[in-house]
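J.: Quick check, what structure comes out for this input:
(2 chains)
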Amino acid sequence: MSVSVRIPTILRTYTGGSAEVSGEGATLREVLAKLDSDYPGIGARILDESGKIRRFVNVYVGEEDVRFAQGLDTPAPEGTQISIIPAVAGG
Amino acid sequence: MSLDFGPAVALSCRECGARYPLGPSFACVECFGPLEAAYEFGHVTREQIESGPASIWRYRSLLPVPADVATKPNMNPGWTRLVKAGNLGRALGFKSLHVKDDSGNPTHSFKDRVVAMAVEAARNFGFHTLSCSSTGNLAGAVTAAAARAGLEACVFIPADLEQAKIAMARVFGGRLIGIDGTYDEVNRFCSELIGDPLGDKWGFVNVNLRPYYAEGSKTLAYEIAEQLGWRLPEQIVIPIASGSQLTKIDKGFKELVALGLVEDTPYKIFGAQAAGCSPVSTAFKAGHEVVQPVKPDTIAKSLAIGNPADGPYVLDIARRTGGAVEDVTDAEIVEAIRLLASTEGVFAETAGGVTVGVLKKLAESGRLDPEAETVVLNTGDGLKTLDVIAADAAPTAVIRPSLDAFRATV
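T.: Okay, the predicted model is just below:
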């Protein structure tokens, strides 16, 4: 499945400055694995040593925070947009 | 560009400790952890502080601001009253209870404290527009501070906010954009805007200026300690939205001890949430170290953050200090607003109903010590959330202007 992935400013050093790159995979886990093979090292910025999404990263598939869906097993339908965003506070 | 952040010398990652030069960045490149200001404090004395202005600027040597900050156009927030709450204390069984009433700030919430830091950071970085994602109080604090500082403002809110907060944010000028979604969705939108040319030269107070902005909440800790006669309270009840305020009050207490400004006495920190948005309370009770996000549904809209970024730190602090995190229902929030108002003459917004409600709940269940010096925060003004008590607010009686008619009502 082909998807688009929005890259936050602090990870654009990996993507040569691109804010959005194309990705592939049936689930978020597969998309992130492919992303890391395209842009080596980026995966370890998003996932911790045990392979879980770091606690200060929010990942959205479409409009949904994947923590409300199936986490890394959330399906990534054709054409969907995935966003990787640092957690921020406020109020 | 020469930067002047007073005693702040760097940004450091709260997760992994990586250090970065002072700049408009907020997340660690290594681990995405939140960045915060790191300081090299000079010699700071009680006398220096006490001779300063009656605003947060009396603590300027402990904040990421230039030494001459008080001479610049800003809102001069803080130094709000610490109300000795004898009546409320008696009602709930406390020997010594105080309410830190932050409704007395210029735009009637604690947000003026944090925005004042962000304004100085925006000036330092040469930004022309001040922005934020807001649950309401922050929007008004930002548009007001921008007006005074001569900056443009463009703020983003969930479209369904209380009318009073919308009106207040609007009156100061600038642009107010309602977003059809929750606060967490507004926040996400702002995070994406920040990496886009549309948001170039914009200071988002709670995103790219957050390491500076958040430090403003330390002034609550400083003021409470100074107003108690340079002592730390033994117990404090603090509302949790993102968790930033609670985290920074703890940081403020620790700094006062490290600088020798107060004695190193133990304190317990208690967090308060609304049951309709209680991800941190739920995680605390379950013994978890991370917070599962929720979709908020509560009248305490200023605390309605379902994905609280500083939640893990709140859990650490409540556990480290021997405190707790608790939540109360919307009905208990309204009851607590009435209790505080009718015992102390303090009219709190829903967030203050949450803290007083949790104070009551923790007192009744014995988790707060009634003998210990206790402080409860009210972070905003009841006039901003009037709807929650206005529904059944009517005159006790309506009569003709005659003594007989009045006598009949007695």
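
J.: Could you say which helix or strand holds residue 44?
T.: Unless you meant another one, I'm taking chain A. helix A:42-46 (DSSP states H and E).

J.: Chain B was what I was after
T.: Here B:V44 is covered by no helix or strand, with elements defined by DSSP H and E.

J.: Mind pulling up the pLDDT for it?
T.: Looking at B:V44, its pLDDT is 97.

J.: Can you give me the neighbour number for it?
T.: B:V44 is flanked by 17 other residues according to other CB atoms under 10 Å in any protein chain shown. Yep, even glycine has a C-beta here, placed from its N, CA and C like the rest.

J.: list the contacts for it?
T.: By CB atoms under 8 Å, 6 or more residues apart in numbering or on different chains, the residues touching B:V44 are B:61-62, B:259, B:261.

J.: give me the residue from the stretch 251-400 of chain B nearest chain A.
T.: Relative to chain A, the nearest point of the stretch 251-400 of chain B is B:A309 (3.8 Å; CB to the nearest CB).

J.: Could you confirm that residue falls within a helix?
T.: No. Counting by DSSP: H, G, I helix; E, B strand; the rest coil, B:A309 is located in no helix; its state is coil.

J.: From what I see, it and B:G243 are in contact.
T.: Yes. Using CB atoms under 8 Å, B:A309 is in contact with B:G243, at 7.0 Å.

J.: Those two - which one has more neighbours?
T.: Legend: neighbour count by other CB under 10 Å for B:A309 and B:G243, higher for B:G243 (28 against 24).

J.: buried stuff in the helix holding A:A44?
T.: A:42-43, A:45-46 (16 or more other CB atoms under 10 Å in any protein chain shown).

J.: out of the residues you listed, which touch chain B?
T.: Among those, the ones lying near chain B by CB under 8 Å from any CB of the partner chain are A:45-46.

J.: How about the residues of chain A by chain B?
T.: Chain A has residues A:6, A:8-10, A:12-13, A:19, A:45-46, A:54-58, A:60, A:63, A:65, A:67-68, A:83, A:85-91 near chain B, with proximity defined as CB under 8 Å from any CB.

J.: Next step: the residues you listed restricted to strands.
T.: Among these, the residues falling in strands (DSSP state E) are A:6, A:57-58, A:60, A:65, A:83, A:85-86.

J.: Please type out the ChimeraX selection for whichever of these turn out to be buried.
T.: To isolate the buried ones among these in ChimeraX, judged by 16+ other CB under 10 Å, type:
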select /A:6,57,58,60,65,83,85,86
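
J.: pLDDT and distance to B:Y213 added to the ones in strands among the residues of chain A next to chain B, as TSV?
T.: Formatted as TSV, these follow (pLDDT from 0 to 100; distance: CB to CB, whole Å):
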residue	pLDDT	distance to B:Y213
A:R6	93	25
A:V57	88	21
A:N58	88	19
A:Y60	92	24
A:D65	87	24
A:S83	93	23
A:I85	87	18
A:P86	84	15
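
J.: what's the closest of the buried residues of helix A:42-46 to chain B?
T.: Nearest to chain B among the buried residues of helix A:42-46 is A:R45, at 7.1 Å by CB to the nearest CB.

J.: Can you tell me the closest non-neighbouring residue to that closest one?
T.: Nearest non-adjacent residue to A:R45, counting by CB to CB, 6 or more residues apart in numbering or on different chains: A:L11, 5.9 Å away.

J.: hang on, isn't that neighbour packed against A:P86?
T.: No. A:L11 is beyond contact range of A:P86, at 9.3 Å (criterion: CB under 8 Å).

J.: Spell out which parts of the stretch 151-300 of chain B neighbour chain A.
T.: Counting by CB under 8 Å from any CB, the stretch 151-300 of chain B comes close to chain A at B:183-185, B:187-188, B:190-192, B:194-196, B:205-207, B:210, B:214, B:241-244, B:290, B:292-293, B:295.

J.: Could I get the contacting residues of B:V375?
T.: For B:V375, the contact set (CB under 8 Å, 6+ apart) comprises B:82, B:97-100, B:224, B:228, B:233, B:235-237.

J.: which of those residues has the most neighbours?
T.: Neighbour counts for the contacts of B:V375 (other CB under 10 Å) peak at B:V237, which has 31 neighbours.

J.: That one is in contact with B:K268, isn't it?
T.: No. Counting by CB under 8 Å, B:K268 is not a contact partner of B:V237; they are 9.7 Å apart.

J.: lowest-confidence helix or strand of chain A?
T.: Least confident helix or strand, chain A: strand A:64-65 with a mean of 86, by mean pLDDT, DSSP states H and E.

J.: just chain B next, same as before
T.: None of the helices or strands of chain B scores lower by mean pLDDT, DSSP H and E than helix B:183-194, at a mean of 86.

J.: Show the subsequent helix or strand relative to that helix.
T.: Downstream of helix B:183-194, the first helix or strand assigned by DSSP H and E is strand B:202-204.

J.: Let me see the mean pLDDT of the next helix or strand after that next one.
T.: The helix or strand immediately downstream of strand B:202-204 is helix B:210-213, counting by DSSP H and E. Helix B:210-213 comes out with an average pLDDT of 96.

J.: counting contacts, what elements does helix B:210-213 pack onto?
T.: Applying 3 or more CB pairs under 8 Å, 6 or more residues apart in numbering or on different chains; DSSP states H and E, we find helix B:210-213 packed against strand B:35-39, helix B:111-125.

J.: need the ones you listed in JSON lines with mean neighbour count and distance to B:S131, can you?
T.: What follows is the helices and strands packed on helix B:210-213, written out as JSON lines (neighbours: other CB atoms under 10 Å in any protein chain shown; distance: least, CB to CB, whole Å):
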{"stretch": "strand B:35-39", "mean neighbour count": "21", "distance to B:S131": "19"}
{"stretch": "helix B:111-125", "mean neighbour count": "28", "distance to B:S131": "10"}
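
J.: For the ones you listed, give me CSV that also has distance to chain A.
T.: Below are these laid out as CSV (distance: least, CB to the nearest CB, whole Å):
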stretch, distance to chain A
strand B:35-39, 10
helix B:111-125, 8
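
J.: can the ones you listed go into TSV with extra columns for distance to B:A159 and mean pLDDT?
T.: Formatted as TSV, the helices and strands packed on helix B:210-213 follow (distance: least, CB to CB, whole Å; pLDDT from 0 to 100):
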stretch	distance to B:A159	mean pLDDT
strand B:35-39	31	95
helix B:111-125	20	97
